[in-house]
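Participant: missing the sequence, but the structure's below:
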Ligand SMILES: Nc1ncnc2c1ncn2[C@@H]1O[C@H](COP(=O)(O)OP(=O)(O)OP(=O)(O)O)[C@@H](O)[C@H]1O
Ligand SMILES: [Mg+2]
């Protein structure tokens with residue numbers, strides 16, 4: 001269970017996140033939506049401890065994550081993997097080494113210098129790539145892959161950490177619709193099959209509706225909506241995105257057509 005309790009983050013006088021509170025139980029798929037500057041990334045970064053809180057608590061299984069220091073913070077970060085819009089891979093390094101970087105902190109300096117990995121770790125990295133459908137890319141340089149493949153490598157790197165939580169900051173914002181769908185399907189699979197909690201900042205309502213079992217809407221640092229996708233009416237969306245936003249269904253929907261394989265893929269998954 002993850003509990004965010006009255007968390008704020010100030011930058012100067014401005015509250016990027018303002019007194020946010022919510023609890024996530026078990027393996028939910030939670031989407032965070034809101035317009036640019038609403039505080040979505042700041043909130044995720046505090047959960048991962050890439051950013052400190054100004055006030056409040058973040059409890060995971062009863063322990064205050066926001067108060068961790070030094071090595072404890074790094075241990076937490078290995079249990080709470082982060083995926084970014086720009087993938088953050090090492091472009092000139094091969095795919096399997098990029099995946100192995102998920103457990104870099106468990107290796108000695110000498111092993112790191114010579115890029116030496118235990119055979120069992122290499123086999124596990126390849127097994128994860130295989131599960132995500134990209135094992136044949138393992139020897140290639142990361143930069144030679146498509147955006148969607150690179151994001152799946154980033155997900156594989158996260159899985160290498162065997163995390164309890166996966167945080168994804170706009171994981172599909174740089175991808176074309178087809179790759180976006182593959183990446184979202186992959187995150188959903190990990191959520192459903194492994195029972196890992198996924199919290200993703202998403203920039204389109206349509207994606208949030210399609211993949212999340214819960215949606216948190218932020219506006220000006222505050223949580224203004226917390227509910228299920230069915231409760232996300234156009235009126236609620238206006239509250240989240242602002243009455244002055246040129247809000248319409250098209251502007252906030254992804255280019256993934258509603259009646260295509262996205263539904264089938266997800267439905268198949270739920271039945272399998
Ligand atoms: N390191 C920082 N220093 C100063 N201000 C910051 C910093 N990081 C974020 N902010 C400010 O905090 C607010 C929230 O930013 P944040 O990046 O969390 O928004 P966001 O919802 O992720 O936006 P986007 O959709 O554009 O990614 C913004 O006003 C931003 O300018
Ligand atoms: Mg952001």
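Facilitator: In hand now; what should we look at? Fair warning: this is a prediction, and the values are worked out from it, not measured in the lab. Ligands and ions are numbered 1, 2, ... in the order given.
Participant: alpha carbons only for contacts and neighbour counts from here, please
Facilitator: Noted.
Participant: Ligand 1 contacts on this protein?
Facilitator: Contact residues, the chain versus ligand 1 (C-alpha under 6 Å from any ligand atom): 11, 16, 35, 36, 37, 38, 39, 40, 41, 42.
Participant: Can you get me a residue count around the first one?
Facilitator: The one in question is residue 11. Residues near residue 11, counting by other C-alpha atoms under 10 Å, number 9.
Participant: Bridging across strands, which residues link to it?
Facilitator: residue 14 (DSSP bridges).
Participant: would you list the residues of the chain next to ligand 1 in JSON lines and tack on secondary structure and pLDDT?
Facilitator: Shown next, in JSON lines, are the residues of the chain next to ligand 1 (DSSP: H, G, I helix; E, B strand; the rest coil; pLDDT from 0 to 100):
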{"residue": "11", "secondary structure": "strand", "pLDDT": "96"}
{"residue": "16", "secondary structure": "strand", "pLDDT": "98"}
{"residue": "35", "secondary structure": "coil", "pLDDT": "94"}
{"residue": "36", "secondary structure": "coil", "pLDDT": "93"}
{"residue": "37", "secondary structure": "coil", "pLDDT": "95"}
{"residue": "38", "secondary structure": "coil", "pLDDT": "96"}
{"residue": "39", "secondary structure": "coil", "pLDDT": "97"}
{"residue": "40", "secondary structure": "helix", "pLDDT": "97"}
{"residue": "41", "secondary structure": "helix", "pLDDT": "97"}
{"residue": "42", "secondary structure": "helix", "pLDDT": "98"}
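Participant: which among the residues you listed end up buried?
Facilitator: 16, 35, 38, 39, 40, 41, 42 (16 or more other C-alpha atoms under 10 Å).
Participant: if we can go back for a sec, nearest to residue 120, of the residues of the chain next to ligand 1?
Facilitator: residue 41 (34.9 Å; C-alpha to C-alpha).
Participant: Now do the same contact list for the closest one.
Facilitator: 169, 201 (C-alpha atoms under 8 Å, 6 or more residues apart in numbering).
Participant: what do you get for the one 3 residues further on?
Facilitator: Neighbour list for residue 44: 167, 169 [criterion: C-alpha under 8 Å, 6+ apart].
Participant: do the same with residue 30
Facilitator: Applying C-alpha under 8 Å, 6+ apart, the residues contacting residue 30 are 198, 199, 200, 212, 213, 214, 215, 216.
Participant: Of all pairs in the residues of the chain next to ligand 1, which one is the farthest apart?
Facilitator: Farthest pair in the residues of the chain next to ligand 1, by C-alpha to C-alpha: 11 and 35, 18.3 Å.
Participant: per-residue confidence at the closest residue to residue 7 other than its chain neighbours?
Facilitator: Leaving aside its chain neighbours, residue 7 sits nearest to residue 56 (4.1 Å; criterion: C-alpha to C-alpha, 6 or more residues apart in numbering). With respect to pLDDT, residue 56 scores 98.
Participant: What separation do you get for the closest residue to residue 203 other than its chain neighbours and residue 16?
Facilitator: Of all residues not flanking residue 203 in the chain, residue 33 sits nearest, at 6.2 Å (C-alpha to C-alpha, 6+ apart). Using C-alpha to C-alpha, to the nearest Å, we find residue 33 at a distance of 15 Å from residue 16.
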